[in-house]
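Participant: Got a predicted structure here, sequence first:
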Amino acid sequence: MELLWEMTGWAGAAAMLGSYLSVSMGWLKPGISFQTANLFGSCAFIINGTLHGAWPSVATNVAWFLISAVALHRLRAAQQPARVEVPEQRSPLTSDTGTHLVIPVPQAAVNCP
């Protein structure tokens, strides 16, 4: 079981370093993939640090987890289409009584020189 927790810690390190490297080199934009890798990595470090009693590491990774979770929440909220309510507009051809206004169309002059 100890090997599993060590592998978890190393997987977390790889996820966090890999995502940081990818963003720093311009291979990846700091978006959902980056934040997901950071979220996974911080969880792995929290587990590993707790089992080893490395409390400063655990505290740092709890903060890292929260930052990533909030960033993911904001990114997903930004992707949802915004609902825009448009107030009902009255047609300029409708009077207050609901009847249509009649606008005469000028007739072309027939016997023009």
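Facilitator: Sure thing, it's come through. Numbering: from 1, shown residues only.

Participant: In contact with the residue most central in space within the chain, which residues are there?
Facilitator: Closest residue to the average C-alpha location of the chain: residue 75 at 1.5 Å, with CA atoms, centre = their mean. Shown in contact with residue 75 (CB atoms under 8 Å, 6 or more residues apart in numbering): 31, 32, 35. In short, each C-beta sits where N, CA and C put it, glycine included.

Participant: Which secondary structure element is home to it?
Facilitator: helix 55-79 (DSSP states H and E).

Participant: Helices of this structure, start to end?
Facilitator: Along the chain, counting by DSSP state H, helices occupy 2-24, 32-52, 55-79.

Participant: Please identify the most buried of these.
Facilitator: Ranked by mean neighbour count, the helices of the chain are led by helix 32-52 with a mean of 19 (mean count of other CB atoms under 10 Å).

Participant: And that one, how far out from the chain middle?
Facilitator: Relative to the mean C-alpha coordinate of its chain, helix 32-52 is positioned 20 Å out (CA atoms, centre = their mean, to the nearest Å).

Participant: Against which helices or strands is it packed?
Facilitator: helix 2-24, helix 55-79 (3 or more CB pairs under 8 Å, 6 or more residues apart in numbering; DSSP states H and E).

Participant: can you give me the angle that helix makes with helix 55-79?
Facilitator: For helix 32-52 against helix 55-79, the angle by axes from the mean of the first three to the mean of the last three CA atoms, to 10 degrees is 160 degrees.
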